[in-house]
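> structure, please.
(one chain, ligands or ions: 1)
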Amino acid sequence: MRRAIALARPQVGRTGENPAVGCVILKDGRVLGEAATGDGGRPHAEELALAQAGEAARGATAFVTLEPCAERSSGAASCSERLAAAGMSRVVVACADPSVFAAGGGAARLRAAGIVFDQGLLEAEAAPLYASYVAAKSLEIRR
Ligand SMILES: Nc1c(N[C@@H]2O[C@H](COP(=O)(O)O)[C@@H](O)[C@H]2O)[nH]c(=O)[nH]c1=O
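Predicted coordinates:
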């Protein structure tokens, strides 16, 4: 997770309204894929890391700094759907995503797919990456 946070950090401020997320896919102590959200907010970190891991992602664990999205604004497959389709065994997240595109929905999708889901790992270290994002989301929700 510390590596995922380090990947996300340089992208803070470069991803538009999207949060800067880091994702590391690990199996048997080997990194199969690692990425951060792209400039402008897309692609999402998990999309990039899963593309690197390919078929080997089956049975792997993903460490993601923010809860994977449950829906995409474009209607494309969400990151939680992609992680499930790739056959991940476990997804470990640092922080919750309060967006209407996540807000517990990503966690629910992963659990429904039989994936072990844990949230809160190194949350205090990752949270500063999302301070302005979370503040903007809470204003949106109140509006
Ligand atoms: N950047 C990012 C996420 N961003 C979350 O996904 C939502 C939909 O994004 P979009 O379809 O691009 O508009 C966005 O509002 C935010 O909540 N999620 C992730 O799993 N990984 C990522 O790297």
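> what does this protein put close to the ligand?
Listed as neighbours of the ligand in the chain under the rule Cβ under 6 Å from any ligand atom: 18-19, 21, 37, 41-42, 44-46, 68-69, 72-74, 79, 97, 99, 101-102. C-beta: built from backbone N, CA, C; applies to glycine.
> what about these, which are in strands?
Of those, none are assigned to strands by DSSP state E.
> of those, grab the buried ones for PyMOL.
Here is the PyMOL command that selects the buried residues among these (16 or more other Cβ atoms under 10 Å):
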select buried, resi 18+19+21+37+41+42+44+45+46+68+69+72+79+97+99+101+102
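> then the top helix by length along the chain to CSV, C-alphas only?
If you go by DSSP state H, the chain has its longest helix at helix 131-142. Provided in CSV are the C-alpha atoms of helix 131-142 (Å, rounded to 0.1, in the frame of the first residue of the first chain):
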residue,chain,number,x,y,z
ALA,A,131,-8.3,16.0,1.5
SER,A,132,-9.3,18.5,-1.3
TYR,A,133,-11.1,15.8,-3.3
VAL,A,134,-13.2,14.8,-0.3
ALA,A,135,-13.9,18.5,0.6
ALA,A,136,-15.1,19.1,-3.0
LYS,A,137,-17.3,16.0,-2.9
SER,A,138,-18.9,17.0,0.4
LEU,A,139,-19.8,20.4,-1.0
GLU,A,140,-21.3,18.7,-4.1
ILE,A,141,-23.4,16.4,-1.9
ARG,A,142,-24.6,19.4,0.3
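> identify the residues contacting it?
17, 19, 98, 99 (Cβ atoms under 8 Å, 6 or more residues apart in numbering).
> give me that answer again for 7 Å
19, 98, 99 (Cβ atoms under 7 Å, 6 or more residues apart in numbering).
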